[in-house]
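Student: need a structure here:
(2 chains)
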Number of protein chains: 2
Amino acid sequence: MGIKVVKDILEANERIAKENRKLFDEKKVFVINLMGSPGCGKTSLLERTIEKLKGSYGISVVEGDIQSSIDAEKISKLGVKAVQINTGGACHLDGNMLKEALPDINLDETDLLFVENVGNLVCPAEFKMGENFKAMILSIAEGDDKPKKYPLMFHESKVLIINKLDLLEHTNCSVDKIKKDCLEINPDLKIFEVSCKTSKGIDNWTNWLIREMGEKK
Amino acid sequence: MGIKVVKDILEANERIAKENRKLFDEKKVFVINLMGSPGCGKTSLLERTIEKLKGSYGISVVEGDIQSSIDAEKISKLGVKAVQINTGGACHLDGNMLKEALPDINLDETDLLFVENVGNLVCPAEFKMGENFKAMILSIAEGDDKPKKYPLMFHESKVLIINKLDLLEHTNCSVDKIKKDCLEINPDLKIFEVSCKTSKGIDNWTNWLIREMGEKK
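Tutor: So this is what the prediction gives:
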């Protein structure tokens, strides 16, 4: 694929992302683009986060997957509106895919919109959708060499959530190495260590998020 | 990206993959395209496989990563030639990337060439490189919903290696569900269950591979 084609795609995407952002500002919706490898725990983090925040905030979720509606069904069980986007092959969400999903969401009743990207540690980092920030999850089971091998996602994210701490003792993964290598790529990265299985560390993340959202409610 | 552009890219790739295949046939090289999510254990499987087979076969490895040469360095420590391809952003290897790496490999002394793809459960499945077959790894830690969410890779692979069996007791993952859902997508899929950490099950895989390679040596 030529460099020109890629450039055109990214420029068109940026334009649509700005339109989305304008709408989110009008409607006072705080939007988080949640990224990470397949199976890192994106949906589990949403479940734990929604349990903590749904009493205080209007929450909606857009689920991005190649195929299936497994994740939207999980989220719906928590009493939160979840819209499933099936990309039909595409390995990431983009501004237009989100735009097309927005009519199915009641933005007037949404304070906080989570967009769960396709499981992929590469391409989602390149596409803006109008979000307030990108957050990524890395599972302990993926190993501590991931920042050096997939630097762009760590560079583009405001938040890194290291998940599956409960597996730490059964692996050779070093959390210190992950943190050190991430902060070399992105010194401003905010890092949380959690286990979505045991809920350890989830409060630190949700309390920080509440502060970030500020007066949105 | 328009459908025509995608079609052109895939057709050009197919042409180069056929050229690669012709060369591999001339040189009697058996080629495996190894795919899977970041951190599923592709390099660990290569390490265990090379330990078993390097006394009997000439083995070479091409390592595909966005960035870094971490994996090629690990493989080189086993006394096997490893060439690193850095895709510089691209989320998969293609026929041309492999073609450009081949001059760095002594094909006359190679019976078995492993090409480790970029960690990604989506796009690598779409690109042929001239391999004998595609093999994929799924880690227990990724969860048992992956076949339904990322069906193409399971469809295109001849072999599925379920790795990190050592973590099974610490997760909610059902190996039976993985197998059932995979076989619905691809009834001919050959499935191995292994732990690259403990080496459990590795012999089943390497013994099968030796039979597949047949009289190549």
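Student: Which parts of chain A are helices?
Tutor: A:3-27, A:42-53, A:70-76, A:95-101, A:146-149, A:151-156, A:175-185, A:202-213 (DSSP state H).
Student: Would you format these as TSV with mean pLDDT and mean neighbour count included?
Tutor: C-betas here are computed from N, CA, C, even on glycine. Listed next are the helices of chain A as TSV, based on pLDDT from 0 to 100; neighbours: other C-beta atoms under 10 Å in any protein chain shown:
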stretch	mean pLDDT	mean neighbour count
helix A:3-27	91	14
helix A:42-53	98	21
helix A:70-76	96	18
helix A:95-101	97	19
helix A:146-149	97	22
helix A:151-156	97	20
helix A:175-185	98	16
helix A:202-213	97	15
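Student: so what's the residue nearest the centre of chain A bridging to?
Tutor: Nearest to the geometric centre of chain A sits residue A:34, at 0.4 Å (C-alpha atoms, centre = their mean). Counting by DSSP bridges, residue A:34 is bridged to residue A:116, residue A:135.
Student: Wait, it touches residue A:135, no?
Tutor: Yes: using C-beta atoms under 8 Å, residue A:34 makes contact with residue A:135 at a distance of 5.4 Å.
Student: Report the contact partners of the residue nearest to residue A:81 when sequence neighbours are not counted.
Tutor: Nearest in space to residue A:81, with sequence neighbours left out and distances taken as C-beta to C-beta, 6 or more residues apart in numbering or on different chains, is residue A:60 at 4.7 Å. Applying C-beta atoms under 8 Å, 6 or more residues apart in numbering or on different chains to residue A:60 gives the contacts A:80-83, A:105-106, A:110, A:112-114.
Student: please redo it, this time with the cut-off set to 6 Å
Tutor: Shown in contact with residue A:60 (C-beta atoms under 6 Å, 6 or more residues apart in numbering or on different chains): A:81, A:105, A:110, A:113.
Student: And residue A:205, by the same measure?
Tutor: With C-beta under 6 Å, 6+ apart, residue A:205 has these contacts: residue A:192.
Student: Distance check, it against chain B.
Tutor: Note on residue A:205: its distance to chain B, by C-beta to the nearest C-beta, to the nearest Å, is 20 Å.
Student: before we move on, what about residue A:68?
Tutor: 5 Å.
Student: can you list the residues of chain A near chain B?
Tutor: Neighbours of chain B within chain A, by C-beta under 6 Å from any C-beta of the partner chain: A:1, A:37-39, A:65-68, A:70, A:91, A:120-123, A:141-143, A:145-146, A:148-151, A:167, A:170.
Student: So which of those residues sit within strands?
Tutor: With strands taken from DSSP state E, the overlap with those comprises residue A:65.
Student: On the pLDDT front, check residue A:168 for me.
Tutor: Looking at residue A:168, its pLDDT stands at 98.
Student: How about residues contacting stretch A:167-185?
Tutor: So stretch A:167-185 is contacted by A:140-141, A:143-144, A:147-148, A:151, A:154-155, A:160, A:189, A:191, B:167, B:170 (C-beta under 6 Å, 6+ apart).
Student: farthest-separated two in the contacts of residue A:60?
Tutor: Largest separation among the contacts of residue A:60 by C-beta to C-beta: A:81 and A:113, giving 9.7 Å.
Student: Might you report the residue contacts of the residue nearest to the centre of chain A?
Tutor: By C-beta under 6 Å, 6+ apart, the contact list for residue A:34 reads A:42, A:114, A:116, A:135.
Student: Chain B versus that one, what's the distance?
Tutor: Here the criterion is C-beta to the nearest C-beta. By it, residue A:34 lies 15 Å from chain B.
Student: now residue A:118, nearest residue through space, not along the chain?
Tutor: residue A:64 (4.9 Å).
Student: burial measure for that neighbour, as a count.
Tutor: 30 (other C-beta atoms under 10 Å in any protein chain shown).
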